[in-house]
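Participant: Structure for the following, please:
(one chain, ligands or ions: 1)
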Amino acid sequence: MVQKINNKKSFSLKFDLLTGLSPGAISKKRLLSDMKGMYYDKDAYEKIVVEKDAVVYEFYDLNINPNPENLSFGTTILYPGKVGDEYYMTKGHFHDELNTAEIYYCLRGFGYLLMEDQQGRTEIQEFKPSISVYVPPGFAHRSINTSNDEPLITFFVYRADAGHDYKTIEEKGFRKLIIEKGGQPTIIDNPKWNIQKTRR
Ligand SMILES: [Fe+2]
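Facilitator: Coordinates of the predicted model:
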């Protein structure tokens, strides 16, 4: 969808419950090679990205006019996989308009929504089908797929003018990570958090 969608007309859009994909819109894809510096095990990342540059996740940006009275929405499809012992995840972002919330609704799969505010407070909510999660204003948010074989599909809604600040997370990371330990999702402190260097 190239044209901006205004808020003067209603419309509907299908998102498939099994795949999360929409036949009426074009998704944006994030490959492993787009995630450089985001996984804590650098060696595992370099190895896997050379072997096979897979799609980690895809999502929709419906190009809705970025006015505070509008809402933007879509799905994120986060595929199963790991880099070392760290599950596939989205990059995660703050909103440019920091004081804006977001709603997620899990359609399929299992995982977590990891949230963190600028003061370092961490919130973690579990995703499983039928569970909705409220992201409070001011919290960066990242989805993590802990399933071995199933995509994590979530539907999201946020204020259309919220904007995305990916850079802060790309440079600093989250304070916490969720990795697989002994076959179980485990929350750990990010050993690389706050390393002040450009990771691109
Ligand atoms: Fe968001």
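Participant: rest of the way, CA atoms for contacts and neighbours
Facilitator: Will do.
Participant: Mind jotting down where the helices sit in this protein?
Facilitator: Under the criterion DSSP state H, the chain contains helices at 42-51, 167-172.
Participant: any idea how far the first one is from the chain center?
Facilitator: Between the centre of helix 42-51 and the centre of its chain there are 21 Å (C-alpha atoms, centre = their mean, to the nearest Å).
Participant: same question, stretch 156-164
Facilitator: With C-alpha atoms, centre = their mean, you get 13 Å for stretch 156-164.
Participant: What are the buried residues along that stretch?
Facilitator: For stretch 156-164, burial by neighbour count (16 or more other C-alpha atoms under 10 Å) applies to F156, Y158, R159, A160, D161, A162, G163.
Participant: With just CA atoms, put that stretch into PDB.
Facilitator: Extracted in PDB, the C-alpha atoms of stretch 156-164 (Å, rounded to 0.1, in the frame of the first residue of the first chain):
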ATOM      1  CA  PHE A 156      -1.000  -4.800  17.300                       C
ATOM      2  CA  VAL A 157      -2.700  -1.400  17.500                       C
ATOM      3  CA  TYR A 158      -1.000   1.900  18.300                       C
ATOM      4  CA  ARG A 159      -1.600   5.700  17.800                       C
ATOM      5  CA  ALA A 160      -0.700   6.400  14.200                       C
ATOM      6  CA  ASP A 161       1.600   9.300  15.000                       C
ATOM      7  CA  ALA A 162       3.600   7.200  17.500                       C
ATOM      8  CA  GLY A 163       6.600   6.600  15.200                       C
ATOM      9  CA  HIS A 164       9.400   4.100  15.800                       C
END
